[in-house]
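> pasting the sequence and the predicted coordinates here, then a few questions.
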Amino acid sequence: MARRTTTESITIKDLQDTLADLHDRFPALSDDDLFTLWFLRAYITESESEAACAVTGTSGDKGVDGILIDNPAKTVFIVQAKYHKQVGGKAEKRADVISLAEVAVRLSESDERAFGDYIKTTNPAVAQHLRQARKQVLKNNYRVQLSYVTLGNCSASVVKDVQQLVKKAGCDAHIDVITGKRVMLLVRDYLDGVAPPIPTLGLEMEAGANVKVNGVSQRYDHRTKIESWVFSMRGDAVALLFESAGVRLFARNIRGFLGHSTAVNEGMIATLDEEPEHFFYFNNGITMICDHAEKRSHQGRDILQVSNPQVINGQQTTRTLAAHPRLAAKASVLVKVIQIPRDERKHDGFDGLVSSIVAGTNWQNAIRPSDLMANDRRQIELERNLRKVGFMYLRKRQTKSEMRAFGGGKQYSVVKKEELAQAVAGCEEDPVVARSGRERLFEDELYTRVFPNSDRNFYLPRYCLMREVTYAAKGQPARGYAKWLVLNFVWSHFAPHVRKGRDARAFYMMWQRNRYNAPFGYLFTAIDKVFVQALRYHKKNAGKGATATDVSTFFRHKKGRDKEFAAFWKAHVPESVRRTFERALQRVAAAIGDFEG
């Protein structure tokens, strides 16, 4: 079965490429400001536009490169960012870090005149943001979270000093000094689609009059440095995890929510309703990975505090419990937490280990090869790249409502990863490969050939052409069997017209905006001519009588049909048909050349 491909070590080049990508959308920002924007998006907010608005982009700003007031969280986030050309190559100045820590003290300053003196030389826009932040801190008890993020280093003594200074603030304030090595871990999580992280969650272990629990099973492996815990939780406590963290809790999961109407989820609901005391025995439980976990006791309750948690098995369970909190309160769930060490300096096997855990634990709902590749770095890059041009790439199985929520209310052309895989295979491989089944395309043998890069200009022209070929075959079963041969042939003639990036973009933008206008009428004509000849090719070569090969079998099994048909086209297709085909493609090419958008 396929596995998610493991990745090489994250380097400064990955960060530079990420900043270059942001620069395409925010060309007015400097490299330093782009680094600030990236950090805000990777560590604090899911909204790129919100992160961009939080960038101050000024000098003389009291060390405030970014300021974001999160009203739902009642938190003021303040960032100072230091972008360097290499990781760990420069030690940060004590004065720079102290200047950020001082902001927390000043925001809790009750003396209006003293605060006015502090911001006197500050950029007016930044000063206004600081005034708003101070107002929320003093009047509404907002907490202050400071982040000093650098690609360089910071001495332990400086970190200790600034932490002591922040403790003197007259408000709930904290400072986090994030240096080069940790920044590279954030880059990895960002590229893996797991950003911003969930800071912490408290997993309350089950205890009650009707259930006796003798502690927690804890295991530490000295060889791998992996530590794990196994315990039970009440169903309503599990539901609260989703209420607190939302769908970000499942970013590393291979699927989205499959809906309440699946057989497994309906079975869970029935158990909760009819025999909740047996839910613990019937359910596979929840598997969670995290960066750090620590058991604590609070008011007689045992809690496992986990940082950067991700549920990699048990999303359906978690969300079913969250949807039925009253019933969930009567049920118990088995929970396994795995703390996996991560080393940003080398390829540490983290991705491969997580992929193997996912494959080994997700069996209550059947796993497909395409599911296991959903979190492959290439799939995540494709999702981002297609989204930029109005295509929503569905790399995970999920409900339509979840898909719409991810789209944020915008209109997108939806592309399923299985269909994209078939489009590439249909254009580039022997037609038998595309017809052999979608899931096979996600197996190790074919995956890297079907997904060789993350360039939308490579995928979208092939996808749009496949959609047009599919449309031309609609309602005609014989054409459906010949579809992949026809796609392969048409692409071999059409590809030169969309080889350049500009022409590829023009083609898929034309298709997206109005696929029913004149150029696509010409394309339909070309495709229709090939379908007619493909069925003639079958009739000529299928044999006769009882031994004749039916159209389905003819196009399914034998490799090399594409080459045979190309020869048939040259030798047996009337010249008038071939000229009509070529003229139709030339008219499409002319429309591509004239397109402005």
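Looks like it arrived, so ask away. Numbering: from 1, shown residues only.
> only C-alpha atoms from now on, for both contacts and neighbour counts.
Fine.
> any idea which residue sits dead centre in this structure?
G193 (3.8 Å; C-alpha atoms, centre = their mean).
> so for it, what's the pLDDT?
Reading off the confidence values, G193 has pLDDT 88.
> which residues in the stretch 351-500 of the chain form helices?
Applying DSSP state H, counting those that start in this stretch to the stretch 351-500 of the chain gives helices spanning 369-372, 377-387, 400-407, 417-428, 431-435, 444-450, 456-473, 477-494.
> any chance you could map the strands in this structure?
Along the chain, the segments classed as strands by DSSP state E run 66-70, 75-82, 143-150, 173-178, 200-204, 217-221, 226-234, 286-290, 292-298, 301-307, 310-313, 332-339, 391-394, 413-416.
> elements contacting the fifth one?
Read that as strand 200-204. Where contact means 3 or more C-alpha pairs under 8 Å, 6 or more residues apart in numbering; DSSP states H and E, strand 200-204 is packed against helix 235-245, strand 301-307.
> now do stretch 319-335: everything it contacts.
206, 230-240, 242-243, 257, 260, 265, 268-269, 272-273, 276-280, 283-288 (C-alpha atoms under 8 Å, 6 or more residues apart in numbering).
> show the buried residues in those residues.
206, 230-240, 242, 257, 260, 265, 268-269, 272-273, 276, 279-280, 283-288 (16 or more other C-alpha atoms under 10 Å).
> can you list the low-confidence ranges for the stretch 401-550 of the chain?
406-409 (pLDDT under 70).
> for the helices and strands packed on strand 200-204, could you give me TSV that also reports distance to D221 and mean pLDDT?
Shown next, in TSV, are the helices and strands packed on strand 200-204 (distance: least, C-alpha to C-alpha, whole Å; pLDDT from 0 to 100):
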stretch	distance to D221	mean pLDDT
helix 235-245	27	95
strand 301-307	18	93
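> for D351, which of these is the nearest?
strand 301-307 (17.9 Å; C-alpha to C-alpha).
> note down every partner strand of that closest one and its orientation.
If you go by DSSP bridges, strand 301-307 pairs up with strand 200-204 (antiparallel), strand 292-298 (antiparallel).
> weakest of those strands by average pLDDT?
When I compare the strands paired with strand 301-307, strand 292-298 is least confident, with a mean of 89.
> that one: which residues count as buried?
292-293.
> show me the contact partners of it.
The contact list for strand 292-298 (C-alpha under 8 Å, 6+ apart) reads 302-308, 339-340.
> output the helix ranked longest in the chain as CSV, nothing but the C-alphas.
Ranked by residue count under DSSP state H, the longest helix found in the chain is helix 518-541. What follows is helix 518-541, C-alpha atoms only, in CSV (Å, rounded to 0.1, in the frame of the first residue of the first chain):
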residue,chain,number,x,y,z
ALA,A,518,-16.7,29.5,-29.2
PRO,A,519,-13.1,28.2,-28.6
PHE,A,520,-14.4,25.2,-26.6
GLY,A,521,-16.9,24.6,-29.4
TYR,A,522,-13.9,24.1,-31.7
LEU,A,523,-12.3,21.9,-29.1
PHE,A,524,-15.5,19.8,-28.9
THR,A,525,-15.4,19.4,-32.7
ALA,A,526,-11.8,18.1,-32.5
ILE,A,527,-12.6,15.7,-29.7
ASP,A,528,-15.8,14.4,-31.4
LYS,A,529,-13.8,13.6,-34.6
VAL,A,530,-11.4,11.5,-32.6
PHE,A,531,-14.1,9.6,-30.8
VAL,A,532,-15.7,8.7,-34.1
GLN,A,533,-12.4,7.4,-35.4
ALA,A,534,-11.6,5.6,-32.2
LEU,A,535,-14.8,3.6,-32.5
ARG,A,536,-14.0,2.9,-36.1
TYR,A,537,-10.5,1.7,-35.0
HIS,A,538,-12.2,-0.7,-32.5
LYS,A,539,-14.6,-2.0,-35.2
LYS,A,540,-11.8,-2.7,-37.6
ASN,A,541,-9.6,-4.5,-35.1
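> what helices or strands is that helix leaning on?
helix 456-473, helix 477-494, helix 561-572, helix 575-594.
> turn the ones you listed into CSV, including distance to A526 and mean neighbour count.
Supplementary listing: those in CSV, determined by distance: least, C-alpha to C-alpha, whole Å; neighbours: other C-alpha atoms under 10 Å:
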stretch, distance to A526, mean neighbour count
helix 456-473, 10, 21
helix 477-494, 8, 21
helix 561-572, 13, 15
helix 575-594, 5, 17
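> quick one: closest of the ones you listed to I175.
helix 456-473 (40.2 Å).
> can you pull out the low-pLDDT segments for the stretch 51-200 of the chain?
59-61.
> can you do 80?
58-62 (pLDDT under 80).
> mind listing the helices for it?
Under DSSP H, counting those that start in this stretch, the stretch 51-200 of the chain gives helices at 94-107, 112-118, 124-140, 156-167, 180-191.
> now for these, which one comes closest to I44?
Of those, the one closest to I44 (C-alpha to C-alpha) turns out to be helix 180-191, at 11.3 Å.
> follow-up on the earlier one: dump the strands paired with strand 301-307 to JSON lines, plus distance to C427.
Shown next, in JSON lines, are the strands paired with strand 301-307 (distance: least, C-alpha to C-alpha, whole Å):
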{"stretch": "strand 200-204", "distance to C427": "47"}
{"stretch": "strand 292-298", "distance to C427": "46"}
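> for L185, which of those strands is the nearest?
The nearest among the strands paired with strand 301-307, by C-alpha to C-alpha, is strand 292-298 at 13.9 Å.
> contacts only, for the spatially closest residue to I175 that is not a sequence neighbour.
Distances taken as C-alpha to C-alpha, 6 or more residues apart in numbering place L146 nearest to I175, at 4.5 Å, with adjacent residues excluded. Shown in contact with L146 (C-alpha under 8 Å, 6+ apart): 77-79, 100-101, 104, 173-176.
> may I ask which two of these are separated the most?
V79 and A173 (13.4 Å).
> neighbour count winner among the two?
V79 (26 against 23; other C-alpha atoms under 10 Å).
> can you tell me how far the more buried one is from Q163?
15 Å (C-alpha to C-alpha, to the nearest Å).
> and what of V213?
Distance from V213 to Q163, by C-alpha to C-alpha: 39 Å.
> more neighbours: these two, which one.
When neighbours are counted by other C-alpha under 10 Å, Q163 comes out ahead of the other of V213 and Q163, with 18 against 12.
> how many neighbours does the residue lying closest to that one once chain neighbours are set aside have?
Using C-alpha to C-alpha, 6+ apart and skipping the chain neighbours, the partner closest in space to Q163 is I175 (6.4 Å). If you count neighbours by other C-alpha under 10 Å, I175 ends up with 24.
> residues in contact with I175?
Contacts of I175 (C-alpha under 8 Å, 6+ apart): 101, 145-148, 162-163, 166.
> out of these, the closest to V126 would be?
L146 (15.5 Å).
> quick revisit: in TSV: the helices and strands packed on strand 200-204, plus distance to K90.
Output for the helices and strands packed on strand 200-204, formatted as TSV (distance: least, C-alpha to C-alpha, whole Å):
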stretch	distance to K90
helix 235-245	36
strand 301-307	28
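> cheers, nothing more for now.
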